[in-house]
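1. Give me coordinates for this.
(one chain, ligands or ions: 1)
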Amino acid sequence: MPNFIVNTNAVNGIYHVHDENAVCQHLPAPDDRRSLGWFSSSQGAIAEARKTYSSADGCENCVKE
Ligand SMILES: [Zn+2]
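-> Now for the predicted structure:
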């Protein structure tokens, strides 16, 4: 089941949301990860991330929607 994290270190102003268990070369270092928890869809995870980081968006590599 997908557990999502957000990169707390913005890249070009975007806080990317990743699937924590994905094989993604863009996953941030452990210190830069903030857990968002489990969501049945990446849209839910992105909405949760945007409560804190208004410019959050899905990683193009592991969060496709
Ligand atoms: Zn990713």
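2. Could you check how far the helix or strand harbouring Val17 is from the centre of its chain?
-> Element membership of Val17, judged by DSSP states H and E, is strand 16-19. The chain centre lies 2 Å from the centre of strand 16-19; the measure is CA atoms, centre = their mean, to the nearest Å.
3. Stretch 11-24 too?
-> For stretch 11-24 - counting by CA atoms, centre = their mean - the centre lies 4 Å from the chain centre.
4. Can you give the contact residues for that stretch?
-> Residues outside stretch 11-24 that contact it (CB atoms under 8 Å, 6 or more residues apart in numbering): 2-8, 26-28, 33, 35-36, 42, 45-46, 49, 53, 55-59, 61-63. Placement of C-beta: from N, CA and C, glycine included.
5. cutoff 7 Å now
-> 2-8, 26-27, 36, 42, 45-46, 49, 53, 55-59, 61-63 (CB atoms under 7 Å, 6 or more residues apart in numbering).
6. Buried among these? Need that as a selection in ChimeraX.
-> The ChimeraX selection below is limited to those of the contacts of stretch 11-24 classed as buried (16 or more other CB atoms under 10 Å):
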select :2,4,5,6,7,27,36,42,45,46,49,53,56,58,59,62,63
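7. that older thread, the strand holding Val17 pairs with which strands?
-> Counting by DSSP bridges, the strands paired with strand 16-19 are strand 3-7 (antiparallel), strand 57-58 (parallel).
8. Make TSV out of the ones you listed and add mean pLDDT and distance to the ion.
-> Output for those, formatted as TSV (pLDDT from 0 to 100; distance: least, CB to the ion, whole Å):
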stretch	mean pLDDT	distance to the ion
strand 3-7	98	9
strand 57-58	97	8
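9. Same list, these, but as JSON lines with distance to Asn21 please.
-> Converted to JSON lines, these look like this (distance: least, CB to CB, whole Å):
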{"stretch": "strand 3-7", "distance to Asn21": "6"}
{"stretch": "strand 57-58", "distance to Asn21": "15"}
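10. If anything else comes up later, I'll come back, but that's it for now.
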